[in-house]
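J.: For reference, the sequence and a predicted model appear below.
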Amino acid sequence: MAGIYLHIPFCKQACRYCDFFFSVSVRYKTQFVDCLLDEIRLRKQEGVDNQAETLYLGGGTPSLLNGEELDRILDVLHRQYTFGNDAEWTIECNPDDLDRDYLEGLRKRGFNRISIGIQSFREEDLKLMRRSHTAEQGEMAVLEAARAGFENITMDLIYGIPGQTLRHWEESVSKALSLPLSHLSAYHLTFEPGTVFDHWRIKNRLSPVSEETSEQMYRLLRDQLEQEGFDHYEISNFARNGNISEHNMIYWTGNPYTGYGPSAHSYDGTLRSWNISSLKGYMDGIARDEPVKEVERPNLTEKYHDYLITSLRTRWGADPDYIREQFGQEIHACFEKGAERYLREGTMWLQEGKVAITPGKWLITDHILRELFTTGSSKYEF
Ligand code: SF4
């Protein structure tokens, strides 16, 4: 399995909580697409495998690409890669970019999964976060996507927004569940350094919701979605009828992926790399045929940590046999020792030979990971 990720680094405006890499000026969009295509051609010459299982356009806001720009990108991808007939092709979109024509164009071009950034169905939340759309546009976007023929529709929601109560959150979740979704991702708001929200938090202009409310929101989310037949398969992700995100599963199962565009990450099974997080630096580098990425070879301990971080996010958990085979006896003993206590107290459980965090206990995943990293030897400190 291998996945391809394209980072489209443009947004109409800056959401106040966001620390992704993006630019609010689309002045260089055409030039950026030229560079992106050059990067795909150049990297292929380096011998990247040409079989691809998934394609994911993320950002930024990929739905700021027009039909012609999408055609140019897909044309080059088709020349460089072979996709299976049932390859998952996802595009992230903002609701205000979606009308029937655009959505039908996406379907015709081969996208079979759409991820709509709705975040909340409450106007006050959207205004506070400085989203570029209304709640009604969010709802209409999902309905229009279904009418345009998308059967695999996912949306993002955010909870723990300052001023959001449990009741508000329940209303957003209920609205989401009234729509034709196959998947839902829900993230707790975080105050990332450098964002407007973090600045306001420091200045006491807004306060994070309490830990107790956060937990109640998470439980409500889980309960409501499970009642409606969604499978809680990853900390923040729920799927109906088996529609798990195949692209994200590539990340969570340690399979290779190739990322193109500024700030995009790649992993070839041995080496990790990440592109420069600067639009100008990226475009200048590509134009001059200079490297735009940094590369590192993770050591055994780092690979073990990566494996825990990704596998324990999912309900399938970590495989002790795999840990012994891949990372050796000493690391395996460290894992067993750390997991033993959690298994005993019921925070982790064994299923089909794998050790997973018990459903409902995912809120303390970070704590468990730290313990599993450090137990037995300070060598494994996170
Ligand atoms: S649209 Fe998405 S990527 Fe752009 S600023 Fe908002 S959250 Fe960040």
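T.: Yep, it's here.

J.: Now the longest strand seen in the chain: average pLDDT?
T.: As assigned by DSSP state E, the longest strand anywhere in the chain is strand 82-93. Averaging pLDDT along strand 82-93 yields 95.

J.: Ramachandran angles for the nearest residue to I118 once chain neighbours are set aside?
T.: Once its chain neighbours are removed from consideration, I118 has its nearest residue in G138; the separation is 3.9 Å (Cβ to Cβ, 6 or more residues apart in numbering). For every residue, glycine as well, the C-beta is placed using N, CA and C. Note on G138: backbone dihedrals following degrees, to the nearest 10 are phi -60, psi -50.

J.: just to revisit the earlier point, neighbouring contacts of the longest strand of the chain?
T.: Taking contacts as Cβ atoms under 8 Å, 6 or more residues apart in numbering, the residues outside strand 82-93 that touch it are 50-59, 61-63, 106, 110-117, 141, 152, 245-247.

J.: For the helix or strand hosting R201, could you pull out the residues that count as buried?
T.: Assigned by DSSP states H and E, R201 belongs to helix 196-202. Residues of helix 196-202 classed as buried under the neighbour-count rule (16 or more other Cβ atoms under 10 Å) are 196-198, 200.

J.: Identify all contacting residues around that helix.
T.: Counting contacts by Cβ under 8 Å, 6+ apart, the residues outside helix 196-202 that touch it are 14, 16-17, 129-130, 162, 189, 191-192, 206-208.

J.: if you set the cut-off to 7 Å instead, what comes out?
T.: Here helix 196-202 makes contact (Cβ atoms under 7 Å, 6 or more residues apart in numbering) with 16-17, 191-192, 206, 208.

J.: Equivalent analysis for stretch 345-363, please.
T.: Outside stretch 345-363, the residues that reach it (Cβ under 7 Å, 6+ apart) are 215, 218, 222, 232, 235, 312, 315-321, 339, 342-343, 365, 368.

J.: again, only this time at 8 Å
T.: Contact with stretch 345-363 is made by 214-215, 218-219, 222, 232, 235, 312-321, 339, 342-343, 364-365, 368, as judged by Cβ under 8 Å, 6+ apart.

J.: next one: stretch 95-114
T.: With Cβ under 8 Å, 6+ apart as the test, stretch 95-114 has contacts from 12, 61, 63-64, 67, 70-71, 74, 88-91, 93, 116-118, 132-133, 137-138, 140-141, 144-145, 147-154, 245.

J.: Can you pull the residues of the protein lying near the ligand?
T.: For the chain, the residues found near the ligand under the criterion Cβ under 6 Å from any ligand atom are 11, 14-15, 18, 20, 22, 59-61, 94, 117.

J.: Quick one, which of those are buried?
T.: 11, 15, 18, 20, 22, 59-61, 94, 117.

J.: Secondary structure added to those residues, as a markdown table?
T.: Shown next, in a markdown table, are these (DSSP: H, G, I helix; E, B strand; the rest coil):
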| residue | secondary structure |
| --- | --- |
| C11 | coil |
| C15 | coil |
| C18 | coil |
| F20 | coil |
| F22 | coil |
| G59 | strand |
| G60 | coil |
| T61 | coil |
| N94 | coil |
| G117 | strand |
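
J.: Just give me the closest of those residues to T301.
T.: Ranked by distance to T301 (Cβ to Cβ), those are led by F20 at 28.5 Å.

J.: Give the phi and psi angles for that closest one, as a check.
T.: In this entry, F20 is assigned phi and psi values of phi -70, psi 170 (degrees, to the nearest 10).

J.: Then P291?
T.: On the backbone of P291 - angles per degrees, to the nearest 10 - the values are phi -60, psi 140.
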